[in-house]
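Engineer: Predicted model, plus sequence, below.
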Amino acid sequence: MENQNQNEDTKSNGMELLENVIKSNEKNIASNEANIEQFVKVEFVVEDFINSSKHIQTGLRDVNAKYDDVDKLYELEQVKRSEFLANIPTKIETVLSQETIDFYGNFENKVKRLENLSGVELELVFFRFY
């Protein structure tokens, strides 16, 4: 009888162990399903990140291309500006008539005489013109 009780206890312990294994497996399956759900969510987030990254890279390539265009235009503008400034004459030669030369000569003489006059004499000359 004792042997039979031991067999019953062993069966009972075996069944209990089997139930525990089944419960543990069910928990593992539920945990795995939750992990798979999380993995799928992470996978979508990573895909979104990769797509955003590609979009940003495309935008940066476009910006770099625009920058290169602007840089080329700036260099061309600098060259054209330098050429333009180099073509501006720094001296202009003029040919004055004898009448103009005489006028400015007389004007220069009058200015020199006015520089030599004192304040009172200068006032007299000023009132004489007006």
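Structural biologist: Arrived safely. Residues are numbered from 1 along each chain as shown.

Engineer: what are the ranges of the helices in this protein?
Structural biologist: For the chain, applying DSSP state H gives helices covering 2-87, 98-116, 119-129.

Engineer: for the longest one, the distance to its chain's centre please.
Structural biologist: For helix 2-87, the gap between its own C-alpha mean and the chain's C-alpha mean amounts to 29 Å (Cα atoms, centre = their mean, to the nearest Å).

Engineer: Also stretch 80-95?
Structural biologist: Relative to the centre of its chain, stretch 80-95 is centred 38 Å away, using Cα atoms, centre = their mean.

Engineer: So for that stretch, what gets flagged as buried?
Structural biologist: When neighbours are counted by 16 or more other Cβ atoms under 10 Å, no buried residue of stretch 80-95 is found. Using the backbone N, CA and C atoms, a C-beta is placed for each residue, glycine as well.
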